[in-house]
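**Student:** predicted coordinates and the sequence they were generated for:
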Amino acid sequence: MSMIAAFYSGKSILITGATGFLGKVLMEKLFRTSPDLKVIYILMRPKSGQTLQQRVFQILNSKLFEKVKDVCPNVHEKIRAIYADLNQNDLAISKEDMQELLSCTNIVFHCAATVRFDDHLRHAVQLNVTATQQLLLMASQMPKLEAFIHISTAFSNCNLKHIDEVIYPCPVEPKKIIDSMEWLDDAIIDEITPKLIGDRPNTYTYTKALGEMVVQQESRNLNIAIVRPSIVGATWQEPFPGWVDNLNGPSGLIIAAGKGFLRAIRGTPKAVADLIPVDTVANLTLAVGWYTAVNRPKSTLIYHCTSGNFNPCYWGKMGFQVLAAFEKIPFERAFRRPYADFTTNTITTQYWNAVSHRAPAIIYDFYLRLTGRKPRMTKLMNRLLRTVSMLEYFLNRSWEWSTYNTEMLMSELSPEDQRVFNFDVRQLNWLEYIENYVLGVKKYLLKEDMAGVPKAKQHLKRLRNIHYLFNTALLLIAWRLLIARSQMARNVWLFIVSFCYKFLSYFRASGTLKV
Ligand SMILES: CCCCCCCCCCCCCCCC(=O)SCCNC(=O)CCNC(=O)[C@H](O)C(C)(C)COP(=O)(O)OP(=O)(O)OC[C@H]1O[C@@H](n2cnc3c(N)ncnc32)[C@H](O)[C@@H]1OP(=O)(O)O
Ligand SMILES: NC(=O)C1=CN([C@@H]2O[C@H](COP(=O)(O)OP(=O)(O)OC[C@H]3O[C@@H](n4cnc5c(N)ncnc54)[C@H](OP(=O)(O)O)[C@@H]3O)[C@@H](O)[C@H]2O)C=CC1
């Protein structure tokens, strides 16, 4: 019997960010392994015209939750959606709901965050820092609370090369930042943002670091742990391989490459691609919840959930594997044939951006205009290139994360728990994982059917022929122009023609002799 699964049975668990990528997988695993848990409270807001109940209904009826329904048929009765808006200082939770949460919660998993790199500092602080502070305040009033697990990111200290399992202080205290956000206007915040974030690349990593400081400062006598995942990718094993539901991290770029929009990236092929499957993060998080509650460590332990030091993969190799997967699993209606190269040179990147990205987009938009349609490719390409430029920071560096706590936890698990809550990425086969990832992107993000694969392959063949035809025509035109202008080119041309003629004559003569 799994000790971790048994631990969560009968528990009331509060999850923030349960509608997000990681939150859904965490919730699914909890229900599947501990169907006897008492209740999962999820703090959530209505979105895209859907009420809380409609959102929960949609999640429970998604493919991700198919297995849960078999082991926990009354799953819908065990979810309590509670209205909350982390954008508001008091989280906007009603008095009655607050009462229930305070008196019943046993475990908190705080996953909610803004993960956008370009978020305005005010918003990022509100969500990643102030909301964390508010939740900790709530947690301190929960008499039955056994553990509070905060999800941060392995990149919260990406300004360092080697990152230990400690909380690194930021120069300005989080409290001062929170206060200043209340009275500074947007223009001043915009001005001071670069100074505040310093050598971090964006407001996301900076506010996640501030969030960790808040956890440290406001922990009171709470039993807290922090999980720091690196780049979270599609599921590896559970509930099935390849599940993914948003464009963050590599997923968006896989689509862009597979559809033939993205053909070169400024990235270091030898830099470690520290990807971690989302189910691995969920497993480690649940194991951390159990360990923290049962062993009550004296200090806040930090767990790096990374792959680089256990089983490294590199961007160059990963790009190659992604391209190989496109051969087997092509995406439908590709713009160009998939091809993506990593280059470290800025000039080469600019060349590829002009020739391989912008020029085809302009030509295609010209074609759309000619055929009476609205041009859209240039706009899309500009957006894509902006996204890529924001991810470049992570594609050109490698980090070392120490993993003593993660390894210690692994050794504390029973063999059964090591199997059920597996977070040992040494067993991960990257080739297989990447292939499943590409398949998952096709199925769950692009909603493309596998029945369309032969047609997609045919389309790619057609694109290849067009590509060859286009290149040959371009070469001939260039050559023709050169011959018209240069005597040397004419001489070379004459030499080639006479050489070919002699070659053919020789073969004809030797053929006649044989007869
Ligand atoms: C051979 C290939 C190898 C592959 C190899 C890849 C390596 C890739 C390494 C990543 C390394 C990250 C490492 C951080 C790890 C953490 O800890 S951070 C957690 C993850 N967070 C993220 O990834 C967030 C990144 N995204 C963002 O911040 C914002 O989406 C951006 C990039 C600033 C774009 O903002 P925006 O222009 O306002 O766009 P947004 O409203 O988000 O979306 C606009 C359109 O772009 C699309 N879009 C959004 N994001 C993306 C994306 N990532 N890609 C493409 N399209 C996107 C949207 O679907 C949307 O389309 P429409 O609905 O308009 O049709
Ligand atoms: N994805 C990644 O690559 C990585 C993620 N992480 C961390 O993991 C955690 C989960 O990330 P992930 O699941 O990928 O992120 P998602 O963007 O998929 O999910 C974010 C969650 O936060 C919720 N949320 C955002 N704003 C509010 C709000 N104002 N009120 C209530 N809820 C809100 C979202 O709710 P809604 O559905 O309503 O928008 C959603 O449930 C985050 O803490 C992130 O920093 C760490 C490393 C890498």
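**Tutor:** Right, received. Where do you want to start? Residues are numbered from 1 along each chain as shown. Ligands and ions are numbered 1, 2, ... in the order given.

**Student:** what residue in the chain comes nearest to ligand 2?
**Tutor:** Residue nearest to ligand 2 within the chain (C-beta to the nearest ligand atom): Gly20, separated by 2.1 Å. (Each C-beta comes from the backbone N, C-alpha and C, glycine too.)

**Student:** how about that residue, nearest residue that isn't a chain neighbour?
**Tutor:** Excluding the flanking residues, the one nearest Gly20 by C-beta to C-beta, 6 or more residues apart in numbering is Cys111, at 6.2 Å.

**Student:** contact partners for the one you found?
**Tutor:** Cys111 is in contact with Ile15, Thr16, Gly17, Ala18, Gly20, Leu22, Gly23, Leu26, Ile151, counting by C-beta atoms under 8 Å, 6 or more residues apart in numbering.

**Student:** do that again at 6 Å, thanks
**Tutor:** Going by C-beta atoms under 6 Å, 6 or more residues apart in numbering, Cys111 touches Thr16, Gly17, Leu22, Gly23, Ile151.

**Student:** and which of those is nearest Leu391?
**Tutor:** Distances from Leu391 to the contacts of Cys111, taken as C-beta to C-beta, are shortest for Leu22 (18.7 Å).

**Student:** picking that back up, tell me, which of the contacts of Cys111 make contact with ligand 1?
**Tutor:** Counting by C-beta under 6 Å from any ligand atom, nothing from the contacts of Cys111 sits close to ligand 1.

**Student:** could you identify the most distant pair in these?
**Tutor:** Those two in the contacts of Cys111 that are separated most widely, counting by C-beta to C-beta, are Thr16 and Leu22, at 10.9 Å.

**Student:** residues contacting the residue most central in space within the chain?
**Tutor:** Centroid-nearest residue in the chain: Gly249, 2.7 Å away (criterion: C-alpha atoms, centre = their mean). By C-beta under 6 Å, 6+ apart, Gly249 lies in contact with Ile231.

**Student:** in this structure, where's the longest helix?
**Tutor:** Longest helix in the chain, counting residues (DSSP state H): helix 453-485.

**Student:** re the thing from before, distance of the residue nearest to the centre of the chain relative to Glu407?
**Tutor:** 25 Å (C-beta to C-beta, to the nearest Å).

**Student:** again, but for Gly289
**Tutor:** Using C-beta to C-beta, we find Gly289 at a distance of 18 Å from Glu407.

**Student:** neighbour count for the two, which is higher?
**Tutor:** Of the pair Gly289 and Glu407, Gly289 is the one with more neighbours under other C-beta atoms under 10 Å, namely 27 against 15.

**Student:** that one contacts Phe148, correct?
**Tutor:** No - with contact defined as C-beta atoms under 6 Å, Gly289 does not reach Phe148; the gap is 9.2 Å.

**Student:** residues of the stretch 1-150 of the chain that sit close to ligand 2?
**Tutor:** 17, 19-23, 44-45, 47, 84-87, 111-115, 127.

**Student:** let's see which of the residues you listed end up in helices.
**Tutor:** Phe21, Leu22, Gly23.

**Student:** let's have the residues you listed in TSV, adding neighbour count and distance to Ile363.
**Tutor:** Shown next, in TSV, are these (neighbours: other C-beta atoms under 10 Å; distance: C-beta to C-beta, whole Å):
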residue	neighbour count	distance to Ile363
Phe21	22	36
Leu22	24	40
Gly23	21	43
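
**Student:** redo these as a markdown table? Include pLDDT and distance to Ala6.
**Tutor:** Listed next are those as a markdown table, based on pLDDT from 0 to 100; distance: C-beta to C-beta, whole Å:
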| residue | pLDDT | distance to Ala6 |
| --- | --- | --- |
| Phe21 | 98 | 27 |
| Leu22 | 98 | 23 |
| Gly23 | 98 | 23 |
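
**Student:** measure stretch 62-71 end to end?
**Tutor:** 16 Å (C-alpha to C-alpha, to the nearest Å).

**Student:** hang on, I meant stretch 416-432
**Tutor:** 24 Å.

**Student:** now swap in stretch 152-163 and tell me
**Tutor:** End-to-end distance of stretch 152-163 (C-alpha to C-alpha): 14 Å.

**Student:** got the residues of the stretch 301-450 of the chain near ligand 1?
**Tutor:** Neighbours of ligand 1 within the stretch 301-450 of the chain, by C-beta under 6 Å from any ligand atom: Gly319, Val322, Ala340, Arg383, Leu384, Arg386, Thr387, Met390, Leu391, Phe394, Leu395.

**Student:** are any of these buried, and which?
**Tutor:** With burial judged by 16 or more other C-beta atoms under 10 Å, the buried subset of those is Gly319, Val322, Ala340, Leu384, Thr387, Leu391, Phe394, Leu395.

**Student:** tell me who's in contact with the last one.
**Tutor:** For Leu395, the residues meeting the contact criterion (C-beta under 6 Å, 6+ apart) are Gly267, Trp315.

**Student:** residue in the stretch 201-350 of the chain nearest to ligand 1?
**Tutor:** Checked against ligand 1 (C-beta to the nearest ligand atom), the nearest residue in the stretch 201-350 of the chain is Gly252, 1.9 Å away.

**Student:** confirm that residue sits in a helix?
**Tutor:** Yes - counting by DSSP: H, G, I helix; E, B strand; the rest coil, Gly252 is part of a helix.

**Student:** can you pull the pLDDT of it?
**Tutor:** On the pLDDT scale, Gly252 is placed at 95.

**Student:** just for the protein, where's the confidence low?
**Tutor:** Counting by pLDDT under 70, the chain contains low-confidence ranges at 511-515.

**Student:** tell me how it divides into domains.
**Tutor:** The record assigns the chain these domain ranges, following automatic domain parsing: 3-234+276-312+399-425, 457-514.

**Student:** who in the chain is up against ligand 2?
**Tutor:** The chain comes close to ligand 2 at residues 17, 19-23, 44-45, 47, 84-87, 111-115, 127, 151, 153, 208, 229, 231-232, 246, 248-249, as judged by C-beta under 6 Å from any ligand atom.

**Student:** the same query, at a cut-off of 5 Å, please.
**Tutor:** Residues of the chain lying near ligand 2 by C-beta under 5 Å from any ligand atom: 17, 19-22, 45, 47, 85-87, 111-113, 115, 151, 153, 229, 232, 248-249.

**Student:** are any of those residues buried, and which?
**Tutor:** Among the residues of the chain next to ligand 2, those buried by neighbour count (16+ other C-beta under 10 Å) are 17, 19-22, 45, 86, 111-113, 115, 151, 153, 229, 232, 248-249.
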